[in-house]
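Engineer: Structure, please.
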Amino acid sequence: MRKRFIYVILIFLILFIFLFSSISPSIIDNTIDGKIDDEILEKIAHDNYDKYDLADSKDYNDPLLDLRFDVIDSDEITTSGISLQTELSDGPMDSAWPMKCHDNRHTGLSPYSTADNPYDELWKFECDWMNSGIVIDDDGVLYFGSYDRYLYAVYPNGTLKWRYGRTGMWITSSPAIAEDGTVYIGSWGDNLHAVYPNGTLKWMFDAQNTIDSSPAIADNGTIYFGTMWGSGGGGVIYAVNPNGTLKWSYKTDFHITSSPAIADDGTIHIGSGDTYVYAMYPNGTLRWRFKTGDYVKGHPSIDDDGTIYIGSWDSYLYALYPNGTMKWRHQVGLGTESNPSIGPDGTIYVGGGYLYAVNPNGTRKWTFDFGEDKHSHQSSPAISSDGIIYIGLIIGSDDGGEILAVNPDGTERWRKWLADHEGQSSPCIGSDGTVYVGSSTMASGNPHGNVHAFGEWDPTAPEAPTITGETHGQYGEEYDYSFVSNDPENQDVWYYIEWGDGDTEEWIGPYGSGQEITVSHTWDEEDTYTIRAKAKDTLDVESPWGTLEVSMPVNQQIYGFPFLQRLFDRFPNAFPILRQLLRW
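Structural biologist: Model (predicted):
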């Protein structure tokens, strides 16, 4: 009895240490009748779990924290052995989607059609939370940043090419690709990084403060971006030479999250939280600034005739002449912080609580209702050459995410659920009409993100493999799983299997079409894993991915402690020390 009493006391002491070091007084105030609701449980687990052992995950939800992280000592780069490119770097790459909002003028307009896209989900690539945009080089390779502080390069088939991990802090900036293949990206680690096409560091520029702004590349190779804070307060507009040296800087009176757009005459346009839109000459002197009624968080776009479009939190979309005087303004709900993208007929599309279509003369064309309690937040519209508009959505207060496609006449074309947290990444369009977008999920206490590819499968491809086997088990034990895929042309197939723990089976086979095979695997750690498998035929045509989620181990019951039972069941990756002590 005495041992049982001591055991109980130890358990509650451990709980006290873990919970009260994680829960703020505001969380404690949200307890009712001694019960902690699901939202608070999620907060507790998120505070104590970080897949990549970086900053506390609780800080992910506060984009205004002025945190400083040193650059990681080790390179943390997985490369493919590609030779280095020349040191020269001119303008942006001529590729399907080389920078945020497609081009220097931020039109968001792709030269490629998506009219025949059936929106099959070709693959998902797992990373961490994904709010930034995706860019595409001339080989179809995708580049994007994530909250795990990695810059990723992913092949068009959804497999990893390399990842670069020296950014030191999470990434909300979209990359930009130069003509020579150099990839530029900013991070909350205060540096602008120039990365060779093989994933190795070219140079780092110390901007001294957080970079949320996405870089733009002028025709002469100069890189422009903004920072959220500068010395003494305010944000800074930077111009950096292609060799990583400072060209010039210009300070505004509040932080900058806006990404610069570059006019055909070289003028740089960018918004600031001080309510102004700035126009800078290429030599770093101010050309003009235009005052709006509130914070300018979003990005400018520039029409063929030089008209600048930009939204403000004062609820207006502004059209400005190239000399900085107002052409018109159009009310768009409570304001916007996304990019006013420009369609092939000149229609301006901007998100917020609705998707607004505005004619070039400032009159409303149509308004599309996203649905109850849905909004686009920071997602900027991507437009195909045939005028179809794509935008990411958030449901409620981070209760889910979707991607939406709207026809040029304002009717809904297609939408797809992406995740249980949010979908505010900006979509982009590949040269084959494939649509890419990022998402973020909580996944029962396992926060991560995905990049999704939507396109058309080759009709001759094998079917996605069906995977069967134990879905709940014990780590350290071996389990058998069956895989089977049918090929429409009855060709032999090979299987590529990912076990979710870093282990893979690379193209085992050949096997007959429809022949069930059995492969065994052992997981070494407790976790929830997703088995993914795809098949290919004798012509190397690949199938969609088949998936099966498995949980290791089956958890024992904590009798007498229902709160612990519920907490551990809901968040299988949180509290590792407490689990070890309880042999859980």
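
Engineer: alpha carbons only for contacts and neighbour counts from here, please
Structural biologist: Fine.

Engineer: contacting residues around Gly353?
Structural biologist: By CA atoms under 8 Å, 6 or more residues apart in numbering, Gly353 lies in contact with 333-334, 369-370, 374-377.

Engineer: next one: Val350
Structural biologist: Shown in contact with Val350 (CA under 8 Å, 6+ apart): 336, 338-341, 356-357, 380-381.

Engineer: hey, where'd the strands end up in the stretch 151-300 of the chain?
Structural biologist: 151-154, 160-164, 176-177, 183-186, 191-195, 201-206, 216-217, 223-227, 236-240, 246-251, 261-262, 268-271, 276-280, 286-291 (DSSP state E, counting those that start in this stretch).

Engineer: Which strand runs longest in this protein?
Structural biologist: strand 527-536 (DSSP state E).

Engineer: So, low pLDDT: which residues of the chain?
Structural biologist: Applying pLDDT under 70 to the chain flags the ranges 1-89, 230-232, 443-446, 553-584.

Engineer: One more pass at 80, please.
Structural biologist: 1-90, 168, 229-233, 334-335, 397-399, 419-424, 441-448, 553-584 (pLDDT under 80).

Engineer: Could you break this protein into its assigned domains?
Structural biologist: 2-65+555-581, 120-455, 466-552 (automatic domain parsing).

Engineer: first to last residue in the last one, what's the distance?
Structural biologist: In domain 466-552, first residue to last residue: 21 Å (CA to CA, to the nearest Å).

Engineer: Ok, stretch 331-342 next?
Structural biologist: Stretch 331-342: ends 17 Å apart by CA to CA.

Engineer: buried set for it?
Structural biologist: For stretch 331-342, the neighbour count (16 or more other CA atoms under 10 Å) marks 331-333, 335-342 as buried.

Engineer: can you list the residues that contact that stretch?
Structural biologist: In this structure, residues lying in contact with stretch 331-342 by CA under 8 Å, 6+ apart are 101, 106-109, 296-301, 303, 309-317, 348-354, 356, 377-383.

Engineer: sorry, back to before: rebuild the contacts of Val350 as a markdown table, extending it with secondary structure and distance to Ile497.
Structural biologist: Formatted as a markdown table, the contacts of Val350 follow (DSSP: H, G, I helix; E, B strand; the rest coil; distance: CA to CA, whole Å):
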| residue | secondary structure | distance to Ile497 |
| --- | --- | --- |
| Thr336 | coil | 43 |
| Ser338 | coil | 39 |
| Asn339 | coil | 40 |
| Pro340 | coil | 42 |
| Ser341 | strand | 40 |
| Tyr356 | strand | 44 |
| Ala357 | strand | 45 |
| Ser380 | coil | 35 |
| Pro381 | coil | 35 |
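
Engineer: which of the buried residues of stretch 331-342 lies closest to Ala239?
Structural biologist: Nearest to Ala239 out of the buried residues of stretch 331-342 is Asn339 (CA to CA; 21.4 Å).

Engineer: For Asp116, see how far away the closest one is.
Structural biologist: Counting by CA to CA, the gap from Asn339 to Asp116 is 26 Å.

Engineer: can you check Ala153 too?
Structural biologist: Using CA to CA, Ala153 is found at 27 Å from Asp116.

Engineer: So which of those two has more stuff around it?
Structural biologist: More crowded of Ala153 and Asp116, by other CA atoms under 10 Å: Ala153, with 25 against 9.

Engineer: What's the local residue count around Gln328?
Structural biologist: Rather than Gln, residue 328 is Trp. Trp328 has 16 neighbours, counted by other CA under 10 Å.
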